[in-house]
Structures are given as structure tokens and as C-alpha cells.
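Engineer: Sequence and predicted structure, then a few things I'm wondering about:
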Amino acid sequence: MDATSGKAAGKRGKAAGKRGKAADNGPSGPRGNGRDAIMDAARDVFAERGYFGASIRDIAKRADMSLSALYYYYSGKAELFHALIEDSLDDYFRHCEKELAQAGDDPAARLAALVRVTVDYRVRRQVESLLTLQELRYLEPEYRNPIIARRHAVSGLFQKAMDDGMAAGVFRTPHPDDARRAIMAMCNAVAQWYDPSGDLGTTELCDRYVRLAFAMVGHGEAPAR
């Protein structure tokens, strides 16, 4: 592991730390049984060691189950990593669907909703976000490509909001494609620097990023929440 990947693993490990301790010391003692226990264990082990550094045996041990029990759910490390990322993306798209429905047809409200959901996701799912950024390239195409396709679907949501806003005249940037890419990049980068123990809360961060997004697209004040 090079210095860059080592730093990334350290950041992922810190992000997973508090949640992992809570799971280990819950009211039932051990992590418990089944798919949830495996997913929790995989999240922690991948965060601490990266994809190559983690082993399926490490994950089974962290989940307090045998290798044979783990293999009942997943065929190996690649499938388990894929399932972990897919689960987090399911969470993201559920929130998108809910917030976009509340935003209605107003392009500015829809862009604001996408920014808020994405920033919130990068905070809540910081470990999975960093794993996707740093480790996805190591997966075989059969596991990597479906995740890439879903990332393209995210880009499509932002693209539609931008296209609708430009068509309606509510966004006035002369460079809409650049603005869209910049907005997505700043939202996605939150996972790389956000410190959940710091003074900046998620709501304030979301509001700040909506204002930045509106400045990029040439729109007025961000809607109040």
C-alpha cells in the first residue's frame, strides 16, 4: 500500500470507528447473526485495511461467525464488497426519490434537493463513499460496471435539473456543463474532508453547498429549509 492509499485507509478507519465500537458492544454482546452482521463487519474491515488488505476470514471473524456461515450469504470478497456499495447506493437513490418528489417541478428546488441529498449521503455514508473512490477500480468488471452505471445515473439526475433550469431561464450560467461537473465534484469531495466530530453540522453544510451551487449556475438565493 502506498502513502496515499494508507492515508485513505486511515481516514476510512476513523470514519468507521465509533459505529464499529457501538456494534461490537451492543446489548446482545457479539455482533449477532446474518447479513446485517456481515455487512457491518465488512464495512469496518474494508475501511481499516482496504480491499486488498482485507480477507474474507477477517470479515467472518469480525462478524463472529464461521467462514461457512459467511459463504452462505456471499461467494467471496468481491461479491461482498459489491453488495456493501450497492446497499449504500440504494440508500442514496431512496433519498433522492423522496426529496425530488417534494421538490416538484421547479428546477432550482430539484437542484437544491440533489445537492442536499448528495452532501448528506457523503456524510452519513462516508466509509462507503471513500471505499468507492479508492477501491472500486480493483473489482472485476462484473461487480464494478453495475456500480459505475449507477454513478452515471446520478450524473443524469443532475444533468436533467441543469437542462430544465437552463431551458426555463432560472439558471443563467454560460457554462452549464462545467457548472454541473463542479457541483457534483464539490458534493462528492465532502467524504474526503468532513470530520463528524467537528463544529460543522450536516444541515449547515448542506445549506452552504446549495448556496454555492446556485452561485455556480447563476441563480438567486437558496430556498429556506
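Structural biologist: Cool, got the structure.
Engineer: going forward, measure contacts and count neighbours with C-alpha atoms only.
Structural biologist: Fine.
Engineer: any idea of the pLDDT on G34?
Structural biologist: Note on G34: pLDDT of 85.
Engineer: Then G29?
Structural biologist: G29 is given a pLDDT of 32.
Engineer: which stretches of the chain have low pLDDT?
Structural biologist: 1-33, 221-225 (pLDDT under 70).
Engineer: Show me where it has its helices.
Structural biologist: 3-24, 35-53, 56-62, 67-73, 77-103, 107-124, 126-135, 141-168, 176-188, 190-193, 202-217 (DSSP state H).
Engineer: Tell me which of those helices sits most buried.
Structural biologist: helix 107-124 (a mean of 23; mean count of other CA atoms under 10 Å).
Engineer: Counting by contacts, list what it packs against.
Structural biologist: Applying 3 or more CA pairs under 8 Å, 6 or more residues apart in numbering; DSSP states H and E, one finds that helix 107-124 contacts helix 77-103, helix 141-168, helix 176-188, helix 190-193, helix 202-217.
Engineer: Indicate which one of the ones you listed is closest to A63.
Structural biologist: helix 77-103 (13.1 Å; CA to CA).
Engineer: quick one, the closest one and helix 126-135 angle?
Structural biologist: 120 degrees (axes from the mean of the first three to the mean of the last three CA atoms, to 10 degrees).
Engineer: Who are the packing partners of helix 77-103?
Structural biologist: helix 35-53, helix 107-124, helix 126-135, helix 141-168.
Engineer: CA atoms only for stretch 158-174 - export them in PDB, please.
Structural biologist: C-alpha atoms of stretch 158-174 as PDB (Å, rounded to 0.1, in the frame of the first residue of the first chain):
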ATOM      1  CA  PHE A 158     -28.000  16.500 -12.100                       C
ATOM      2  CA  GLN A 159     -28.000  16.900 -15.800                       C
ATOM      3  CA  LYS A 160     -31.800  17.000 -16.000                       C
ATOM      4  CA  ALA A 161     -32.000  19.600 -13.300                       C
ATOM      5  CA  MET A 162     -29.500  21.700 -15.100                       C
ATOM      6  CA  ASP A 163     -31.100  21.300 -18.500                       C
ATOM      7  CA  ASP A 164     -34.600  22.200 -17.100                       C
ATOM      8  CA  GLY A 165     -33.200  25.200 -15.300                       C
ATOM      9  CA  MET A 166     -31.400  26.500 -18.400                       C
ATOM     10  CA  ALA A 167     -34.500  25.900 -20.500                       C
ATOM     11  CA  ALA A 168     -36.700  27.800 -18.000                       C
ATOM     12  CA  GLY A 169     -34.300  30.700 -17.700                       C
ATOM     13  CA  VAL A 170     -33.800  30.200 -13.900                       C
ATOM     14  CA  PHE A 171     -30.200  29.200 -14.400                       C
ATOM     15  CA  ARG A 172     -28.100  31.700 -16.300                       C
ATOM     16  CA  THR A 173     -24.600  30.300 -16.300                       C
ATOM     17  CA  PRO A 174     -22.800  30.400 -19.700                       C
END
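Engineer: what sits up against it?
Structural biologist: Stretch 158-174 is contacted by residues 107-108, 110-111, 114, 176, 179-180, 184, 216-219 when judged by CA atoms under 8 Å, 6 or more residues apart in numbering.
Engineer: TSV please, covering those residues and showing distance to E48.
Structural biologist: Shown next, in TSV, are these (distance: CA to CA, whole Å):
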residue	distance to E48
P107	40
A108	39
R110	36
L111	34
L114	30
P176	39
A179	35
R180	33
M184	27
M216	36
V217	38
G218	42
H219	42
